[in-house]
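>>> I'll drop the sequence and a predicted model, then ask my questions.
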Amino acid sequence: MEINFIPIDYDYFDYQGRTYAKIIGRTDKGKKVCIIDEVPVYFWAILKPKLLEKKIRQLQEKIERIKVESANRESKVLKTEVHDKNFLGKECKAIKIFITNLKDAHDIADKMGFDEIEKRREYDLGYVTKYILERKLKPLVWYNIDGELITDNELGGINSIEVDDVLKLKTIKLLEKQPEFKPKILAYDIETDEFEIGKGHILMISLVGENFKKVLTWKGKDSKKQFVENFKDETEMLEAFVRYVKEQDPDILTGYFSDNFDLPYLRARAEHNQMKLNLGIDNSQPSFSRGRLLTGKIKGIVHIDMLRFIQIVYSQYLQSETLSLNEVASELLGEKKTEWEHKHSSKIKKHEWEDYFEYNLQDSVITKNLAEKIWPDLQEFTRIIQEPLFEISRDSMSAHVENYIIHNLERFNEIAEKRPTHEEIGDRREEGRFEGAFVLQPVPGLYSNVIFFDFTSMYASVIVSYNLSKSTYSEKEIPDSVEVDLNPKAYFSKKPGFFPQMLAEIIKKRKMYKQEYNQKKDTLSKARSNAFKLLANASYGYQGFFGARYYCLPAAAATAALARSSVKDAIEKIKNQGYKVIYSDTDSIALLQENKTKKQVLETLEKINSELPGVMELDLEGFFKRGIWVTKRTGEFGAKKKYALIDDKNKLKIRGFETVRRDWCNLARQTQNKILQLILENGNEKQALEYLKKIVKQIKLREIPLEQLLIRTQLKKPIEEYKSISPHVTIAKKMKEKNIPVNIGMLIEYYIAETNEKKALVRDRAKMPDEKGKYDIEYYLKNQILPAVENIFEVFNVNTNELLDGKKQMKLGEF
DNA sequence: GGTCCTGCGTTACC
DNA sequence: ACCGGTAACGCAGGACC
């Protein structure tokens, strides 16, 4: 039978010693279908150069005799073939070794310690990756599939899984016209009495899908809400949850922080109540793999923890200071949810339960909206990198880069490099650091007509332009190469390597889809452009990352070194054209327009671009009517990574200042922001100074609400591990004593209060927000407000310290 | 008891 | 363990006088 099919989830199973792929997807008629398929599995033995044919044949025979036995199967080599391949850009002869079961590839490879073999490779690729490579049945791409319906008890009863049809694949054909795919998304969220997994009851579970809204609970017998469904106890509620998930039959089950909270909690409570949380299409329970973080997997339904994907892919582009559902949703969706003050169920009053149900439902509604908003990005990442959605939603950026490489090696006839061993990782981490970016020390001041240039995807374009990669690198001087002045010197062949070539394509596609987006303003080209941009930006970090298959520290060091010299060259050229360069950081250059016209500026840019190597490109980032740079708090020099700009539309761009640092109190941040705004709008400090005086007075009169004075600092490790006990650690200890849950990653809130005895240490004056106390006027003036503004006023030779003198008078009773 | 310096720790920039 | 280096700066803690 023939169907149009889109693969969503990939899995595999063993039956009678053989491995089968099991792909779950949808048909264009909306049916959920499982495809069963088989591909030959193999790995490679790369041979030493110049082996005689006879030798190779003898070796093949030896290899073909290898067998390994494990508890439940015997695995052997099925056949071997000799191929001309490339490994790390070099031509080689390699034996392709076909085996019965991929799981035994390691053991078979271990038995191949023959002299003629230089390296064994690709025994460490996962089955699903191998399957996608081999069959070219790529995730989230439409295919026409011809398959045979499995109706009997074949393959150990595979047809009993909960899908519409199970098909054994015969042939696949890529569909020319790719229709839009909208997955069925079901969002869920639980509310519990305790934060520790499984410790307390699950009070309620919300489920939200298309035209489907439910809150399942055993606490809702008095509820008048339509969406609330009441059950006898927790067990019945959990059973109903499983039932509803199956009934809804989603492609994606999504939660927020659900890998590490909701799903493991559900599993733990099911266990506690001696029932099975059989969510899988084969009635299996969710499984959890342990890395540093839990990962929850459900067979046949893609479980996606939205937080993971947002953390990895979006967080650097978000303004949100925490990645809480509330903050992220309000930034990405413009939705604010109503707050609920968490308390134990025994303390919830009757009428409050209704609000609690509403709150619980809302979390799932928001999570679903978030998933729909982010879907284009998830989809495009999946299509571009060609790994399953489940992995794409959780993998780190380095894994994305690596998977992109692996799925594109075939065009280069390349055999994949292996993953580093623990020892190799250890050695790599010992290798030490290399010099990074160049940052130009600014001269403090208020400047008019500031222009910013920046290099587009600078590191990626350096890698491409200078061909920097593991396969092009040489320790020793080689013909037709570029020498990079590192210690020791590094040489990179001019013959294009596969990684720089792939990266060149990534950059090209980024450019193409960005242009397409600028014309069409559609979500698809935006998501594509975004995915390629992120891949390009992660490429430099990838080559310097100790866990990478294609780790190459000299390539990373050379990338940084050539980026430094490129930016310095550009600065010199700009200066030679008669401009003053006032600042530069990594890939950007700030210069003053002064008496030049915009046309002249663009000509300068053009000239520099014409002289840049390869795909490197200097771009006009923007014109700003004013900009301010300040001194460091210690010393006379200009502070790096701290400046503020304003454009013609009075839009501010603030970098590095306390305004953008979440570990300063809101009052200091807002005051500084306002002062920067007034100065940049007016071009002088007059109004800003008046504003500051007003704020100082309000502080002294205790008119500032405590919320404005709270300092938030993240707890980054267990309390006991801190060598230096700073205020937030002290508060975290206090919270723990009071049985308030304290987790790693939490933002600890506190304020600094006055004390009777004059204690020197800040931490001894730190109090929790709900602790009684008067805020310490002197602390907030001297340690928050003044430090945030004094360097700014110093630009105008205004000494803000004088404003503080009022505090003595206050103590004398002036206020 | 004060001053100075250093290291820890967090958060930013790119 | 899950991409890199550069940088600012508060606070604690110890050296030193």
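Received it, and whenever you're ready, just let me know what you need.
>>> most proximal residue of the stretch 101-250 of chain A with respect to DNA strand C?
Nearest residue of the stretch 101-250 of chain A to DNA strand C (Cβ to the nearest atom of the strand) works out as residue A:124 at 11.8 Å. Just so you know, the C-beta spots here come from the backbone N, C-alpha and C atoms, and that holds for glycine as well.
>>> one more: the stretch 501-650 of chain A?
Counting by Cβ to the nearest atom of the strand, the stretch 501-650 of chain A gets nearest to DNA strand C through residue A:541 (1.8 Å).
>>> that residue contacts residue A:398, doesn't it?
Yes. With contact defined as Cβ atoms under 8 Å, residue A:541 and residue A:398 form a contacting pair (6.8 Å).
>>> give me the more crowded residue out of the two.
Neighbour count, other Cβ atoms under 10 Å: between residue A:541 and residue A:398, residue A:398 has more, with 20 against 15.
>>> the more buried one falls within a helix, correct?
Yes. Assignment of residue A:398 by DSSP: H, G, I helix; E, B strand; the rest coil places it within a helix.
>>> where does it land on pLDDT?
Note for residue A:398: predicted pLDDT of 94.
>>> could you look up the SS state of the residue nearest the centre of chain A?
Closest residue to the average C-alpha location of chain A: residue A:312 at 0.9 Å, with Cα atoms, centre = their mean. With three-state DSSP as the basis, residue A:312 sits in helix.
>>> the helices in the stretch 501-650 of chain A, which residues?
Counting by DSSP state H, counting those that start in this stretch, one finds helices in the stretch 501-650 of chain A at the ranges A:523-543, A:553-576, A:598-611.
>>> next, format those as CSV and append distance to residue A:733 and mean pLDDT.
Output for these, formatted as CSV (distance: least, Cβ to Cβ, whole Å; pLDDT from 0 to 100):
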stretch, distance to residue A:733, mean pLDDT
helix A:523-543, 36, 94
helix A:553-576, 40, 96
helix A:598-611, 55, 95
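>>> pick the most buried one from the ones you listed.
helix A:523-543 (a mean of 22; mean count of other Cβ atoms under 10 Å).
>>> show me where pLDDT drops low in the stretch 251-400 of chain A?
Scanning the stretch 251-400 of chain A for pLDDT under 70 picks out no residues.
>>> what number of residues lie near the closest residue to DNA strand B within it?
DNA strand B sits closest to residue A:321 of the stretch 251-400 of chain A, with a gap of 5.9 Å, by Cβ to the nearest atom of the strand. Using other Cβ under 10 Å, residue A:321 has 14 other residues around it.
>>> try residue A:289
Neighbours of residue A:289 using other Cβ under 10 Å come to 11.
>>> hmm, who's touching the helix or strand hosting it?
Under DSSP states H and E, the secondary-structure element containing residue A:289 is strand A:287-290. By Cβ atoms under 8 Å, 6 or more residues apart in numbering, the residues outside strand A:287-290 that reach it are A:263, A:264, A:267, A:294, A:295, A:296, A:297.
>>> so which of those reach DNA strand B?
With the criterion set as Cβ under 7 Å from any atom of the strand, no member of those is near DNA strand B.
>>> which of those has the largest number of neighbours?
For the contacts of strand A:287-290, counting by other Cβ under 10 Å, the largest number of neighbours falls to residue A:263: 27 neighbours.
>>> pairing partners for the residue lying closest to that residue once chain neighbours are set aside in the sheet, please.
Leaving aside its chain neighbours, residue A:263 sits nearest to residue A:296 (3.8 Å; criterion: Cβ to Cβ, 6 or more residues apart in numbering). Taking DSSP bridges as the rule, residue A:296 bridges to residue A:288.
>>> could you verify my assumption that residue A:296 touches residue A:302?
No. At 11.0 Å, residue A:296 and residue A:302 do not qualify as touching, with contact defined as Cβ under 8 Å.
>>> how close does the residue of the stretch 301-450 of chain A found nearest DNA strand C get to residue A:551?
Here the stretch 301-450 of chain A gets closest to DNA strand C at one residue, residue A:436, 2.4 Å apart by Cβ to the nearest atom of the strand. Noted for residue A:436: a distance of 17 Å to residue A:551, by Cβ to Cβ, to the nearest Å.
>>> equivalent analysis for residue A:583, please.
33 Å.
>>> swap in residue A:387?
20 Å.
>>> looking at those two, which is more packed in?
The residue with more neighbours, out of residue A:387 and residue A:551 and counting by other Cβ under 10 Å, is residue A:387; that gives 25 against 21.
>>> can you tell me the SS state at the more buried one?
Following three-state DSSP, we place residue A:387 in the coil state.
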